[in-house]
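Colleague: next come a sequence and a model predicted from it.
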Amino acid sequence: MDFRSGRSTDKFMVWVDAVGGYWVCLRDEAVIGQPVPGGTVDLPILGDISSRHARICRDGEGYFIEAIRKVKLEGRRIERMATLADGNEITLGDAVRLKFRRSHPLSATARLDFVSHHRTQPSSDAAVLMADSFILGPKPKSHVVCRDWPQEVVLYRQGDQLMCRTAGRLEIDGVVYENRGRVFPNSHVQGDGFSLTLEPLGD
């Protein structure tokens with residue numbers, strides 16, 4: 001996705017004030033593996049796993065996981081591919097455990113929560129596999145629940161651009177918009193009762 005002037009990026013961090021940091025992948029597939037010099041994984045996790053261990057793909061509205069190395073789904077080893085459903089627990093290798101979540105009924109975006117102590121590098125609280133939109137807000141079905149926010153804030157795709165919308169005014173990089181505006185890596189977004197920052201992740 002080209003939302004950095006003249007360049008493309010497919011992963012970034014969203015830092016949500018007083019809530020946490022979230023690794024966001026924009027591609028339809030995300031390769032998970034150990035971070036190694038020169039590696040090209042989309043989701044690098046510090047743990048005893050291969051440099052390319054598994055691949056999660058979005059196919060239309062659904063998701064499946066492909067085992068490149070040892071992968072278990074709900075405790076059962078998969079030999080090649082398996083469909084993912086909300087609440088499934090994924091085990092990579094012997095110890096890296098993730099929970100797959102599809103919390104919002106109107107969005108194809110999914111989230112990977114860390115069940116074990118392992119984290120991405122740089123560290124994040126969860127990974128978001130962003131499809132059409134990424135919803136942050138006080139409702140329990142939001143992709144990231146921000147209990148003290150007065151309303152939802154939505155990051156969404158518009159062509160090759162990444163946009164942000166909310167009810168009322170919001171400020172993006174010092175410029176005030178009514179309801180919506182375009183965001184970039186390194187953008188800071190704030191409004192009534194909320195604040196977040198985007199940070200690009202290098203390849």
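Modeller: Sure thing, it's come through.
Colleague: tell me which element the residue most central in space within the chain is part of?
Modeller: What sits nearest the mean C-alpha location of the chain, by C-alpha atoms, centre = their mean, is Val128, with 1.6 Å. Per DSSP states H and E, Val128 falls inside strand 126-129.
Colleague: what's next to that strand, contact-wise?
Modeller: Residues outside strand 126-129 that contact it (C-beta atoms under 8 Å, 6 or more residues apart in numbering): 14, 20, 22-25, 30, 43, 56, 58, 63, 109-114, 120, 134, 143-144. Where you see a C-beta, it was placed from the backbone N, CA and C, and this is true even at glycine.
Colleague: give me the sheet partners of the helix or strand that comes right after that strand and which way each runs.
Modeller: Heading C-terminal from strand 126-129, the first helix or strand you meet, by DSSP H and E, is strand 133-137. Using DSSP bridges, the strands paired with strand 133-137 are strand 144-145 (parallel), strand 153-158 (antiparallel).
Colleague: what pLDDT, on average, does strand 133-137 get?
Modeller: Mean pLDDT, strand 133-137: 96.
Colleague: what does stretch 78-95 give?
Modeller: 96.
Colleague: repeat that for stretch 40-48.
Modeller: 93.
Colleague: give me the buried subset of the contacts of strand 126-129.
Modeller: With burial judged by 16 or more other C-beta atoms under 10 Å, the buried subset of the contacts of strand 126-129 is 14, 22-25, 30, 43, 56, 58, 63, 109-112, 114, 120, 134, 143-144.
Colleague: just the ones of those in strands?
Modeller: 14, 22-25, 30, 43, 56, 58, 63, 110-112, 114, 134, 144 (DSSP state E).
Colleague: closest to Lys70 among those?
Modeller: Nearest to Lys70 among these, counting by C-beta to C-beta, is Ile56 at 15.6 Å.
Colleague: next, count neighbours for the closest residue to Leu26 other than its chain neighbours.
Modeller: Nearest non-adjacent residue to Leu26, counting by C-beta to C-beta, 6 or more residues apart in numbering: Asp10, 4.6 Å away. For Asp10, the number of neighbouring residues by other C-beta atoms under 10 Å comes to 15.
Colleague: close enough to count as contact, Asp10 and Asp28?
Modeller: No: with contact defined as C-beta atoms under 8 Å, Asp10 does not count as touching Asp28 (9.9 Å).
Colleague: what distance separates stretch 132-141 from the centre of its chain?
Modeller: 12 Å (C-alpha atoms, centre = their mean, to the nearest Å).
Colleague: Ser133 and Gln158 touch, don't they?
Modeller: No: contact between Ser133 and Gln158 fails when scored by C-beta under 8 Å: they sit 10.5 Å apart.
Colleague: comparing the two, which residue is more hemmed in?
Modeller: Of the pair Ser133 and Gln158, Ser133 is the one with more neighbours under other C-beta under 10 Å, namely 17 against 11.
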